[in-house]
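[1] Whatever this is, show me its structure:
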Amino acid sequence: MTAASSVPDGKPTCRVVRAGPDFIGKQALSYAPGISAESVGAKGIHLQIVTMPPGAKAKAHLHEAHETALYVLSGEAGMWFGEGLEEHVSARSGDFMYIPANVPHQPYNASQTESCIAVIARTDPNEQESVVLLPELDQVHR
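    Reported below is the predicted structural model:
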């Protein structure tokens, strides 16, 4: 991936980007970055792939001032959400999921045998910048 999003004269241009190297985010999940401020100079969005191994659970967190949308490519994910992680949703291959800004949540892979892979889009062009960990909620659902 390269940082420039424009041609030498400074005009914005369309880009094709290969996924960057996987990294483990603050949430303790594996991400393959695609479109972001870092890769193309995006101003208001990022797009990446998340992979949750069998039985994986993210750290409880929220995205300060940023909305998130996901599309599940394979597997099945569950997610606890709300102020005390008291609410729950499930999504499987072919489902879309929406997470409003500032909503505490803790996603997990519902399968003990298969990975869950999803495409994530967020209104934060700097993927990890808006992540606020909520360690006080990490053990609510063991």
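[2] Could you use CA atoms for every contact and neighbour count after this?
    Noted.
[3] Give me the residue at the spatial middle of this protein.
    I120 (4.8 Å; CA atoms, centre = their mean).
[4] my read: that residue touches Y71, true?
    Yes - when contacts are counted by CA atoms under 8 Å, I120 is listed as touching Y71 (6.7 Å).
[5] Poorly predicted segments of the chain, please.
    Low-confidence regions of the chain, defined by pLDDT under 70, span residues 1-10.
[6] hmm, back to that, partners of the residue nearest to the centre of the chain in the sheet?
    Q48, L70 (DSSP bridges).
[7] dump the residue contacts of it.
    46-50, 68-71 (CA atoms under 8 Å, 6 or more residues apart in numbering).
[8] so which of those residues comes closest to A58?
    V50 (11.0 Å; CA to CA).
[9] so when I look at the closest one, I'm seeing a strand, right?
    Yes - judged by DSSP: H, G, I helix; E, B strand; the rest coil, V50 forms part of a strand.
[10] count of residues packed around it?
    Neighbour count of V50, defined by other CA atoms under 10 Å: 23.
[11] Repeat that for the one 5 residues further on.
    Other residues near G55 number 15, with proximity taken as other CA under 10 Å.
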